[in-house]
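Asks: need coordinates for the below:
(chains A and B)
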There are 2 protein chains.
Amino acid sequence: MRLSAVGEFGLINRIKQNTINDHSTVRCGIGDDAAVLKPTGNMLQLATTDMLVQDVHFSLATIGPWQLGYKALAVNISDIAAMGGLPRHALISVALPRAVSVAFVEQLYAGLKAIAAKYALNIVGGDTVSSPVGIVINVTVLGEAEQDRVIYRSGAREGDWLVVSGTLGDSAGGLHILREQLDFAGGEPLVQAHLLPEPQVELGRLCARYQVHALNDISDGLASELHEICAASGCGAVIYQDRLPLSRELGTLAAFTGQAAADYALYGGEDYQLLFTARPETVQRMLQDNPKIKLTEVGE
Amino acid sequence: MRLSAVGEFGLINRIKQNTINDHSTVRCGIGDDAAVLKPTGNMLQLATTDMLVQDVHFSLATIGPWQLGYKALAVNISDIAAMGGLPRHALISVALPRAVSVAFVEQLYAGLKAIAAKYALNIVGGDTVSSPVGIVINVTVLGEAEQDRVIYRSGAREGDWLVVSGTLGDSAGGLHILREQLDFAGGEPLVQAHLLPEPQVELGRLCARYQVHALNDISDGLASELHEICAASGCGAVIYQDRLPLSRELGTLAAFTGQAAADYALYGGEDYQLLFTARPETVQRMLQDNPKIKLTEVGE
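Replies: Residues are numbered from 1 along each chain as shown, chains lettered A, B, ... in the order given. Below is the predicted model:
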């Protein structure tokens, strides 16, 4: 069935189902002129927005609608995590060519709703419009953080360690596999890292609790994110290339493609891991208290 | 100068200027992973979003960049007004073809900033991306309203009067003039109403203060908005066509085009006036206390 057969109101009725995961914070979700939300007393509000344009930010040759929905929300949740906050609500606008099938749109929203449910986020508003060419998705995520616990990118200090979470470059490796249709066995975790990035909300909250100094999510590659922190904080930094946390799979891919694994990590982007700076003793305390998290000191 | 010569960061630096009109509510605006905002204690939060796509929602043949920016924000402010709220912050995403000139983008943001300043709104975030074809603008507006003073569209009651503000159909008339390039003298107020609609924030606040029962902004024509209120409130309504508030200019245009003036008002849309229902004595009190506002009882 084509979208044009259902119409905007039919589509909205399908979208409205299962959008509220935390009823205590929503007085009114989709369906009126604006959503009506109940903020938590004494918290600061966080807000971020990202626009994804077909054939600029994604290609339907390499990503399916469910994954596209999941990822569109994931990257915005990641921005909230990168402030040390908790994501609460999302507003989602989608421009769709009339030839798009209803099944495609339902899969797109299924992916959006899956990650919303995972992070107890409410989808409280949005817009569905038609597009002459290509899909456009705009997501706004609202979050909350305790007063004086928000972590900016401008707080880095002399003597801080530079720390990253997880492994870096996997997403760039996965994109390489997808784009070039590489005949490479064992690349599935890399492809997954690219298609379904996991925002580091829990770690972001930990960073807020331990009062790290500066925090960014790694959306544009470690080099670029570090540059942003340095520029905002007015300081320099050094990365030890041999300390970059690289997955075994990325190493194997690098050997296969002949590209340096570190290049994927430094310049690839879309990892959505966190990069932060903190006093060495803070990092050590974080690791001692939380033995399950994976942090790597990559520089100072 | 083409946009491609300035780059995304050059563009963001130009955009960032003069975006904060109320510093007391913004801890961090454009420039970090997310905006950090200070909500007013005890208020509910409102959130709305709208996506405008070139050649679907607007044509550059009939609207300039300054007006486009002004209008894109105006229609979202109107959604906040339609809940009885105060607009506070905006996040603005824009997808632009690379061939767009820097002057065009500056005019677009000048229009956005002009209306933001007028309503003491802060532009606290956004995204600027490239587009393969055509401009896409997504605006999210955040607002606030007192607890238990938010006005939904579902509150209409038996015996309420149906009231509209201003005059209706002017915007549709203006669009008709622009689209058909009508050689019609005296149509300038209609064209203005279409290009630069004024959101009814003050009146929305008044509606909240006087506790009207149901409230909508008239974005899709009176008939459609009334249908939404009736459907949400579970009641019927009657409009007296001879009571529709029509401007003199629209009357003259209707005589010129041969189209019924009431049709512009009922089905035209984009007036961004308010439609509300309230007890007759409430309406009379509103008018007595505020002699300057223009309200018309169009039905019940």
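Asks: from here on, contacts and neighbour counts on C-alpha atoms
Replies: Will do.
Asks: how many residues are close by A:Phe104?
Replies: A:Phe104: 16 surrounding residues under other C-alpha atoms under 10 Å in any protein chain shown.
Asks: I'd assumed A:Pro65 was in contact with it.
Replies: Yes - applying C-alpha atoms under 8 Å as the test, A:Phe104 and A:Pro65 come out as touching, 6.1 Å apart.
Asks: secondary structure element holding A:Gly126?
Replies: Assigned by DSSP states H and E, A:Gly126 falls within strand A:122-130.
Asks: and whichever helix or strand comes after that strand, what other elements does it pack with?
Replies: Next helix or strand after strand A:122-130 toward the C-terminus (DSSP H and E): strand A:136-146. In terms of contacts (3 or more C-alpha pairs under 8 Å, 6 or more residues apart in numbering or on different chains; DSSP states H and E), strand A:136-146 is packed against strand A:43-53, helix A:65-81, strand A:86-96.
Asks: next, format those as TSV and append mean neighbour count.
Replies: Shown next, in TSV, are the helices and strands packed on strand A:136-146 (neighbours: other C-alpha atoms under 10 Å in any protein chain shown):
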stretch	mean neighbour count
strand A:43-53	26
helix A:65-81	26
strand A:86-96	25
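Asks: possible to save the ones you listed as TSV with mean pLDDT and distance to chain B?
Replies: Rendered in TSV, the data for the helices and strands packed on strand A:136-146 read as follows (pLDDT from 0 to 100; distance: least, C-alpha to the nearest C-alpha, whole Å):
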stretch	mean pLDDT	distance to chain B
strand A:43-53	97	5
helix A:65-81	98	5
strand A:86-96	97	6
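Asks: look up how far A:Val26 lies from A:Gly268.
Replies: Separation of A:Gly268 from A:Val26 (C-alpha to C-alpha, to the nearest Å) stands at 38 Å.
Asks: which one of the two has more residues nearby?
Replies: A:Gly268 (24 against 21).
Asks: might you report the residue contacts of A:Lys71?
Replies: A:Leu112, A:Leu195, A:Leu196, A:Pro197 (C-alpha atoms under 8 Å, 6 or more residues apart in numbering or on different chains).
Asks: stretch A:80-100: end-to-end distance?
Replies: 31 Å.
Asks: any chance you could map the helices in the stretch 151-300 of chain A?
Replies: A:170-180, A:188-195, A:201-209, A:222-233, A:248-257, A:261-263, A:280-289 (DSSP state H, counting those that start in this stretch).
Asks: now the first one: buried residues?
Replies: What it means is helix A:170-180. Neighbour counts using 16 or more other C-alpha atoms under 10 Å in any protein chain shown place A:Asp170, A:Ser171, A:Ala172, A:Gly173, A:Gly174, A:Leu175, A:His176, A:Ile177, A:Leu178 of helix A:170-180 among the buried residues.
Asks: filter the contacts of A:Lys71 to the buried ones?
Replies: A:Leu112, A:Leu195, A:Leu196, A:Pro197.
Asks: around chain B, pick out the residues from the stretch 151-300 of chain A.
Replies: A:Tyr152, A:Arg153, A:Asn216, A:Asp217 (C-alpha under 8 Å from any C-alpha of the partner chain).
Asks: of those residues, keep whichever come out buried.
Replies: Using 16+ other C-alpha under 10 Å, the buried ones in these are A:Tyr152, A:Arg153, A:Asn216, A:Asp217.
Asks: residues touching the second one, list them.
Replies: Which is A:Arg153. A:Arg153 touches A:His213, A:Ala214, A:Leu215, A:Asn216, A:Glu228, A:Ile229, A:Ala232, A:Ser233, B:Asp32, counting by C-alpha under 8 Å, 6+ apart.
Asks: A:Gly299 versus the nearest residue to it once chain neighbours are set aside, what's the distance?
Replies: Excluding the flanking residues, the one nearest A:Arg153 by C-alpha to C-alpha, 6 or more residues apart in numbering or on different chains is A:Ala214, at 4.5 Å. As judged by C-alpha to C-alpha, A:Ala214 and A:Gly299 stand 14 Å apart.
Asks: again, but for A:Ser78
Replies: From A:Ser78 to A:Gly299 the distance is 23 Å (C-alpha to C-alpha).
Asks: please apply the same query to A:Asp220.
Replies: Counting by C-alpha to C-alpha - A:Asp220 and A:Gly299 are separated by 18 Å.
Asks: check A:Ser93 too.
Replies: Looking at A:Ser93 against A:Gly299, where the rule is C-alpha to C-alpha, the gap reads 39 Å.
Asks: same deal with A:Asn13?
Replies: 51 Å.
Asks: dump the residue contacts of the nearest residue in space to A:Ile137 that is not next to it in sequence.
Replies: The shortest distance from A:Ile137 to any non-neighbouring residue, by C-alpha to C-alpha, 6+ apart, is to A:Val94 (4.6 Å). When contacts are counted by C-alpha under 8 Å, 6+ apart, A:Val94 touches A:Gly126, A:Asp127, A:Thr128, A:Val129, A:Ile135, A:Val136, A:Ile137, A:Asn138, B:Met51.
Asks: again, only using 6 Å
Replies: A:Thr128, A:Val136, A:Ile137 (C-alpha atoms under 6 Å, 6 or more residues apart in numbering or on different chains).
Asks: what do you get for A:Gly155?
Replies: A:His213, A:Ala214, A:Ser233.
Asks: just give me the neighbour total for A:Pro39.
Replies: Neighbour tally, A:Pro39, other C-alpha under 10 Å: 22.
Asks: torsion angles phi and psi at it?
Replies: phi -70, psi 160 (degrees, to the nearest 10).
Asks: just the pLDDT for it.
Replies: Listed pLDDT for A:Pro39 reads 95.
Asks: again with A:Asp220
Replies: For A:Asp220, the model assigns a pLDDT of 90.
Asks: doesn't A:Tyr272 make contact with it?
Replies: No - under the criterion of C-alpha atoms under 6 Å, A:Asp220 makes no contact with A:Tyr272, lying 8.8 Å away.
Asks: returning to what we had before: closest to chain B out of the contacts of A:Gly155?
Replies: Lowest distance from chain B to the contacts of A:Gly155 (C-alpha to the nearest C-alpha) belongs to A:Ala214, with 10.8 Å.
Asks: show me the contacts for that closest one.
Replies: Contacts of A:Ala214 by C-alpha under 6 Å, 6+ apart are A:Ile151, A:Tyr152, A:Arg153, A:Ser154, A:Gly155, A:Ala156, A:Phe276, A:Thr277.
Asks: quick check: beta-bridge partners of it?
Replies: A:Thr277 (DSSP bridges).
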